[in-house]
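**Q** Kindly generate the corresponding structure for this input.
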Amino acid sequence: MTDPSLLHVSEQSTGTTRPRAAHVHVTLTDFKLFSGRAALTKSEELRHLATALRERRVPEDAIALEGATLDVSTGLFSRSSSVTYRVRIHVADLELLPAVLETIADAKQATLTHIEWDYSGGASEPLLAECAT
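**A** Below is the predicted model:
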């Protein structure tokens, strides 16, 4: 039942908000399997990517290994096998995004899979204030 003493008000507003950060998702192929943060220093391809990103002012802790997939053709992990690493790069300063994308494009075995935009943290406050007035 609806309480007749209550007044329900609804308002909407539209606008454009800018993302605060981006998560760049990359896959990278190599021939040796390592796990955890060790993969970022021991895997040759990952190490080259991480070094190039640090040279572009991306902090070391912004690069995270999300997982790995093995491609084993003979049933055993051998020289003909490969591993595909899934890497996430947190770009807090969006001014660095073009440099990050260029670095990925320059990497031999890296492929950009997608970019996840982060709109958290008060980006919609002006829109909420407009609706409230």
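**Q** From here on, just use CA atoms for contacts and neighbour counts.
**A** OK.
**Q** and the next element down the chain from the helix or strand harbouring Glu45?
**A** Taking DSSP states H and E as the criterion, Glu45 maps to helix 44-55. Elements were assigned by DSSP H and E; along the chain past helix 44-55, the next helix or strand is strand 63-71.
**Q** Which pLDDT value belongs to the residue most central in space within the chain?
**A** The residue at the geometric middle of the chain, judged as the C-alpha nearest the mean C-alpha position with Cα atoms, centre = their mean, is His23 (2.4 Å). The model reports His23 with a pLDDT of 98.
**Q** you'd agree Ala129 is in a helix?
**A** Yes. Assessed by DSSP: H, G, I helix; E, B strand; the rest coil, Ala129 belongs to a helix.
**Q** Tell me, how many residues neighbour it?
**A** If you count neighbours by other Cα atoms under 10 Å, Ala129 ends up with 10.
**Q** separation between it and Arg20?
**A** To Arg20, Ala129 is 19 Å away according to Cα to Cα, to the nearest Å.
**Q** All the strands of the protein, in order from the start?
**A** 21-30, 63-71, 82-91, 110-118 (DSSP state E).
**Q** what residues are up against Lys108?
**A** Glu45 (Cα atoms under 8 Å, 6 or more residues apart in numbering).
**Q** any idea how far it is from Gly15?
**A** Distance from Lys108 to Gly15, by Cα to Cα: 40 Å.
**Q** go on, Asp71?
**A** For Asp71, the distance to Gly15 - Cα to Cα - is 46 Å.
**Q** got it, and Val58?
**A** 31 Å.
**Q** With neighbour numbers in mind, choose between the two.
**A** Each of Val58 and Gly15 has its neighbours counted (other Cα under 10 Å); Val58 has more, 22 against 7.
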